[in-house]
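[1] got a predicted model here, sequence first, then my questions.
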Amino acid sequence: MCGIAGLIHRGKSADIGSQMTSMLQALKHRGPDSTGYALYGDKGTKDYIMRFKVAEQEDLATGFDIHDIIIDRKNTVDERLKDMKVKVKDEVQVTEYAHRYTLSFDGDLKRVIDFVEDVEGVEILSMGHALELIKDLGDATVVSEQYKLGGFKGTHSIGHTRMATESDVDIRSAHPYWAYPFNDVSVVHNGQLTNYWTNRRDLERRGHRFMSDCDSELIAVYIAHRMDEGDDLESAMKRSVDHLDGVFTYLVATSNQLGMAKDVMAAKPMVLYESDDLIALASEEVAIRSIFPHEIDTFDPYEGEVRVWQS
């Protein structure tokens, strides 16, 4: 049992960092192991924002040498970016193992990502003009305070609280997942896919990469694959409902869109609120009500339903 949440403001910016924290904290009982955010800020910049990690949180307790290894990995990332003619315009070390870079370059995005991730222990969590993907161990308040997400201004966000069932309790297995190599595409998911390995092997043969053994990552990779084949977001999501087996509800976001999909059995919960200015979705109504001081009307989407909203 996990919890997912999403919100999108139409035509304006808001404190989505604080709003998503409130929603996810209200879902803490659905998943206390880790929390993740995909936040969409200013999409008017030509620069890329790269969020990456050079170790897992639990690595810090494994021995004295890990601190030197972390420094070496980060220095290697810097060297490789320089080799690829990528300019680092701003650099923030958020934790000992997590970094946020503002980058400027005109080359092949995939080549840069692959070259950086070829460094052992390094994973790019997201790369985009608007998307910033943050995930770590702990509940929403812990992660939000650790990464200073309160006050993050943007138009939309998706988030996830995770209860580990079939994979490890680590950052690699936490949601959201970025739809590599597409900038600004992210996914959160509640459910279980029964044809995970068949689809994963097929996508790997087509050149797509997986960073975890979590079945939820498959949805992000599948959406990336369909977009690479020319589908728009809504078309890719509708294909996924027919193609993926199991019980699932998922949210996907791009630089200016928020989408929701439910499988045909509709076994996993989703509650929706929609107004002229704001759409909010969550696994439970309590999450939506955490950001509204007044009475609201909510409803449940239908089985097999796909919806997409614009910011």
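    That came in fine, so what should we check first?
[2] next, name the residue at the spatial heart of the protein.
    Pro176 (2.7 Å; C-alpha atoms, centre = their mean).
[3] show me what the helix or strand hosting Val112 packs onto, helices and strands only.
    According to DSSP states H and E, Val112 maps onto helix 109-117. In terms of contacts (3 or more C-beta pairs under 8 Å, 6 or more residues apart in numbering; DSSP states H and E), helix 109-117 is packed against helix 66-83, strand 123-128. From N, CA and C alone the C-beta is placed, and that goes for glycine too.
[4] pull up the pairing partners for the helix or strand that the last one is followed by, direction included.
    On the C-terminal side of strand 123-128, the closest following helix or strand by DSSP H and E is strand 131-137. Next to strand 131-137 in the sheet, as set by DSSP bridges, lie strand 34-40 (antiparallel).
[5] surely Asn195 is in contact with Leu244?
    Yes. Under the criterion of C-beta atoms under 8 Å, Asn195 makes contact with Leu244 at 6.8 Å.
[6] between these two, which one's more packed in?
    Neighbour tally, Asn195 and Leu244, criterion other C-beta atoms under 10 Å: the higher count belongs to Leu244, 22 against 14.
[7] what sits closest to the more buried one if chain neighbours are left out?
    In this structure, Leu244 finds its nearest non-sequential neighbour in Leu193, 5.6 Å apart by C-beta to C-beta, 6 or more residues apart in numbering.
[8] repeat that for Ala38.
    Ala38 sits nearest to Ser186 (C-beta to C-beta, 6+ apart), 3.8 Å away.
[9] beta partners for that neighbour?
    With DSSP bridges as the rule, Ser186 is bridged to Trp178, Ala253.
[10] contacts only, for it.
    By C-beta atoms under 8 Å, 6 or more residues apart in numbering, the contact list for Ser186 reads Ala38, Ser126, Leu131, Leu133, Ile158, Pro176, Tyr177, Trp178, Ala179, Ala220, Val252, Ala253.
[11] show me what the third one is bridged to.
    Per DSSP bridges, residues listed as beta-bridge partners of Leu131: Tyr40.
[12] just the fifth one next, same as before
    Under DSSP bridges, the beta-bridge partners of Ile158 are Gly6, Ala38.
[13] any figure for the gap between it and Ala253?
    Distance of Ile158 to Ala253, computed by C-beta to C-beta, to the nearest Å: 5 Å.
[14] what do the two both touch?
    By C-beta under 8 Å, 6+ apart, the residues touching both Ile158 and Ala253 are Gly6, Ala38, Ser186, Val187.
[15] number of nearby residues for Asp68?
    9.
[16] now it: how far from Asn75?
    Separation of Asp68 from Asn75 (C-beta to C-beta): 11 Å.
[17] for His129, same thing?
    Remark: distance between His129 and Asn75 (C-beta to C-beta) = 26 Å.
[18] which of those two has more neighbours?
    Legend: neighbour count by other C-beta under 10 Å for His129 and Asn75, higher for His129 (17 against 12).
[19] count of neighbours near Tyr37?
    Neighbour number of Tyr37 under other C-beta under 10 Å is 29.
[20] Ile66 against Gln57, yeah?
    No. Using C-beta under 8 Å, Ile66 is not in contact with Gln57; the gap is 11.3 Å.
[21] residues that sit against both of those two, list them.
    With C-beta under 8 Å, 6+ apart, Ile66 and Gln57 have no common neighbours.
[22] so where do the helices sit in the stretch 201-311 of the chain?
    Remark: helices assigned in the stretch 201-311 of the chain by DSSP state H, counting those that start in this stretch are 216-228, 233-243, 285-289.
[23] how about those helices in CSV, adding mean neighbour count and mean pLDDT?
    Output for these, formatted as CSV (neighbours: other C-beta atoms under 10 Å; pLDDT from 0 to 100):
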stretch, mean neighbour count, mean pLDDT
helix 216-228, 23, 90
helix 233-243, 18, 95
helix 285-289, 20, 96
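[24] any chance of those in TSV with distance to Ala98 as columns?
    Compiled in TSV, these are given as follows (distance: least, C-beta to C-beta, whole Å):
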stretch	distance to Ala98
helix 216-228	19
helix 233-243	28
helix 285-289	25
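[25] to Lys110, which of those lies closest?
    For Lys110, the closest of those is helix 216-228, at 10.5 Å, according to C-beta to C-beta.
[26] one step back: CA-only coordinates of the helix holding Val112 in CSV, if you can.
    As requested, C-alpha coordinates have been extracted for helix 109-117 and formatted as CSV (Å, rounded to 0.1, in the frame of the first residue of the first chain):
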residue,chain,number,x,y,z
LEU,A,109,21.1,15.2,-23.7
LYS,A,110,21.2,11.4,-23.7
ARG,A,111,25.0,11.3,-24.3
VAL,A,112,25.6,13.6,-21.3
ILE,A,113,23.3,11.5,-19.0
ASP,A,114,24.8,8.2,-20.0
PHE,A,115,28.4,9.5,-19.6
VAL,A,116,27.6,10.8,-16.1
GLU,A,117,25.7,7.7,-15.0
